[in-house]
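*Asks:* requesting a structural model of the entry that follows:
(one chain, ligands or ions: 1)
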Amino acid sequence: EVGSPLPVLGDDVRVPLAGGGTAPYAALDYAASAPALRAVWDDVAAYAPYYGSVHRGTGHLSQLSTELFETARATVAEFLGARDGDQVVFTRSTTDSLNLLAAALPADTRVFVFETEHHAALLPWRRAGGGVQHLATPASPERAVAVLDAALAAHRRQRPHAPALVCVTGASNVTGELWPVRELVEAAHRHGARLVLDAAQLAPHRAVSLRELGADWVALSGHKLYAPFGAGVLAGRADWLDAAEPYLAGGGATATVRRGTAEDHPDADQVGDLAVRWHRGPARHEAGSPNVIGAYALASACRALAAAGLEELTRREEALLRRLRAGLAAVPEVRVLSLFGDDAPRVGVLSFTVRGWDSRRLAVALSERYGIGVRDGLFCAHPLVGALLGDQPGEPAPCAVPDSGGAETALRAVRVSFGAGTPVEHVDRLVRAVA
Ligand code: PMP
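*Replies:* Predicted coordinates:
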């Protein structure tokens, strides 16, 4: 019923068990970093002999690398449904992408972000000129839209001309739940605000299209998208990016650097005795030698996912998720965390607690006794996990959990996450182990 997984690195690795012997490693921590697709690895290996510096060298391999690097940019643009005029900036990660955008905000921009977001989406805006407004934890997707709508309407009334940016995560890295991105974009645009989508968890599981969602920017990480070479992307509208100071100052971002004053050189920035004109376009924010392999691998992963068909991957993942949910539902001590209710659609990410078990102890036991790799803790989303576990104020969480087992249990959960390379056996083993 579920169908075969895509081949990934590590799918033949065995790990030692505490009781002796070994087991095939069950990687159920895709939400942290997904294993590389073997197709991506092979592609990178085929390119590696031709690897060279980009943009500067005149040698054949430099030229080839430049072409492959820029083709990678075009591939990512297509994968993300970029519109005419959208830019694709290569970064290190989603965290880096959102910090880049935070550094490019026009003066006085006010940023709106749900307090339940991943820290990478929650915290980069701390220096926003117009301040950061944290929106209360919503108990349903409809509430999320209504809360945002009201906050933006109030902002418009108070400061009709100040720019506003909304940052929203497409799929939660804690509950896996999908957020109503299209509706949130509409709400933002209704009030003249812009929206950046944190697609770190969404893009590996669902098609993400700037054109279809209408989002102004999207950020993602290659290492969660089956391309583990330290590259990420910020894609979207060019105007704020082209008007901003370069995120990194250095070689590659500069059009001209001359002695003299900005008065002698129109459009130039004064840096000491030098008048500096920065590039527009992605190069403006990509100073220094870029991560060519990372960009190449990221584009390769986009091609591989498109070839496999994201709809097909989603269908398979949903079958795995049903199996996992049914298995865990049969264990009365298990409580699955959810913000929007049990039936809310989600990607292959699920967190739970087990009554009487400390989450760390459980996660370690899964590893040592069953060869299963999961994650436990607060998942870089402390306010969200706090709200879900009932220790923080906010709107009432429909699934406030912990029963017994003491404070330790109450403050942490175990997260299982999977994707294109996950065989049914990994999910079944996890359920058996928990039971
Ligand atoms: N946003 C979400 C929803 C995430 O899950 C993560 C990674 N856990 C990030 C942002 C940050 O990604 P990275 O660590 O690759 O910068």
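
*Asks:* would you pull up how far the helix or strand encompassing Glu318 lies from the middle of the chain?
*Replies:* Using DSSP states H and E, Glu318 falls within helix 310-329. Chain-centre distance of helix 310-329: 21 Å, with CA atoms, centre = their mean, to the nearest Å.

*Asks:* which residues are in contact with it?
*Replies:* Under the criterion CB atoms under 8 Å, 6 or more residues apart in numbering, residues 1-3, 5-6, 205-207, 305, 334, 336, 346-348, 350, 352, 416, 418-420, 422, 424, 427-428, 430-432, 434-435 lie in contact with helix 310-329. All C-beta atoms are positioned from the backbone trio N, CA, C, and that covers glycine.

*Asks:* just the buried residues of those.
*Replies:* By neighbour count, with 16 or more other CB atoms under 10 Å, the contacts of helix 310-329 hold 2, 5-6, 205-207, 305, 334, 336, 346-348, 350, 352, 416, 418-420, 422, 424, 427, 430-431, 434 as buried.

*Asks:* so which of these sit within strands?
*Replies:* Residues of the buried ones among the contacts of helix 310-329 located in strands (DSSP state E): Val334, Val336, Leu350, Phe352, Val416.

*Asks:* how about a markdown table for those residues, with distance to the ligand added?
*Replies:* Converted to a markdown table, those look like this (distance: CB to the nearest ligand atom, whole Å):
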| residue | distance to the ligand |
| --- | --- |
| Val334 | 23 |
| Val336 | 18 |
| Leu350 | 14 |
| Phe352 | 17 |
| Val416 | 14 |
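
*Asks:* could you pull out the strands in the stretch 1-150 of the chain for me?
*Replies:* 14-16, 22-24, 26-27, 87-91, 110-114, 132-135 (DSSP state E, counting those that start in this stretch).

*Asks:* closest one to Tyr51 among those?
*Replies:* If you check each of the strands of the stretch 1-150 of the chain against Tyr51 by CB to CB, strand 87-91 wins as the nearest, at 15.8 Å.

*Asks:* can I take it that Leu220 is in a helix?
*Replies:* No: using DSSP: H, G, I helix; E, B strand; the rest coil, the secondary structure at Leu220 is strand, not a helix.

*Asks:* what stretches of the protein score poorly on pLDDT?
*Replies:* The model of the chain has pLDDT under 70 over residues 391-411.

*Asks:* quick one: name the residues of it near the ligand.
*Replies:* The chain has residues 31, 93-95, 118, 120-121, 169, 173, 198, 200-201, 221, 380 near the ligand, with proximity defined as CB under 6 Å from any ligand atom.

*Asks:* packing partners of the helix or strand harbouring Asp376?
*Replies:* Using DSSP H and E, the element containing Asp376 is strand 375-377. Applying 3 or more CB pairs under 8 Å, 6 or more residues apart in numbering; DSSP states H and E, we find strand 375-377 packed against helix 359-370, strand 413-417.

*Asks:* which of the ones you listed sits most buried?
*Replies:* Counting by mean count of other CB atoms under 10 Å, strand 413-417 has the highest mean neighbour count of the helices and strands packed on strand 375-377, with a mean of 27.

*Asks:* ok, residues contacting that strand?
*Replies:* By CB under 8 Å, 6+ apart, the residues outside strand 413-417 that reach it are 28-32, 173-174, 176, 324, 337, 348-354, 359, 362-363, 366, 374-377, 379, 385, 388-389, 401, 430.

*Asks:* mind running it again at 7 Å?
*Replies:* For strand 413-417, the external contacting residues (CB atoms under 7 Å, 6 or more residues apart in numbering) are 28-31, 174, 324, 337, 348-353, 359, 362-363, 374-376, 379, 385, 430.

*Asks:* neighbours of the residue in the stretch 251-400 of the chain positioned nearest to the ligand, how many?
*Replies:* The minimum distance from the stretch 251-400 of the chain to the ligand, using CB to the nearest ligand atom, falls at Cys380 (5.7 Å). Look at Cys380: counted by other CB atoms under 10 Å, it has 18 neighbours.

*Asks:* ok, now the one 10 residues further on?
*Replies:* Gly390 is surrounded by 15 other residues when neighbours are defined as other CB under 10 Å.

*Asks:* which of the helices or strands spans it?
*Replies:* Under the assignment here (DSSP H and E), Gly390 is part of no helix and no strand.

*Asks:* can you give me the strands in the stretch 151-300 of the chain?
*Replies:* For the stretch 151-300 of the chain, the strands defined by DSSP E, counting those that start in this stretch cover 164-169, 194-198, 217-221, 232-236, 254-259, 269-271, 274-278.

*Asks:* any chance of TSV for those, columns mean neighbour count?
*Replies:* TSV is the format used below for the strands of the stretch 151-300 of the chain (neighbours: other CB atoms under 10 Å):
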stretch	mean neighbour count
strand 164-169	26
strand 194-198	26
strand 217-221	30
strand 232-236	28
strand 254-259	14
strand 269-271	14
strand 274-278	19
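
*Asks:* wait, which of those strands is closest to Ala74?
*Replies:* Taking CB to CB, strand 232-236 is the member of these nearest to Ala74, at 11.5 Å.

*Asks:* partner strands of that closest one, parallel or antiparallel?
*Replies:* Each strand paired with strand 232-236, and its direction, by DSSP bridges: strand 87-91 (antiparallel), strand 217-221 (antiparallel).

*Asks:* distance to Phe79 for these - can I get that in a markdown table?
*Replies:* What follows is the strands paired with strand 232-236, written out as a markdown table (distance: least, CB to CB, whole Å):
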| stretch | distance to Phe79 |
| --- | --- |
| strand 87-91 | 10 |
| strand 217-221 | 10 |
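
*Asks:* closest one of the residues of the chain next to the ligand to Asp108?
*Replies:* Among the residues of the chain next to the ligand, Ala121 lies closest to Asp108 (CB to CB), at 21.0 Å.

*Asks:* mind giving me the domain ranges of the chain?
*Replies:* 14-36+309-434, 42-305 (automatic domain parsing).

*Asks:* chain center to the longest one: distance?
*Replies:* I take that to be domain 42-305. Distance, centroid of domain 42-305 to centroid of chain: 11 Å (CA atoms, centre = their mean).

*Asks:* do the same with the first one
*Replies:* Distance of domain 14-36+309-434 from the chain centroid (CA atoms, centre = their mean) equals 18 Å.

*Asks:* and it, end to end?
*Replies:* With CA to CA, to the nearest Å applied, domain 14-36+309-434 spans 20 Å between its terminal residues.

*Asks:* likewise stretch 111-127?
*Replies:* 10 Å.

*Asks:* list the buried residues for it?
*Replies:* Buried residues in stretch 111-127 (16+ other CB under 10 Å): 111-118, 120-125.
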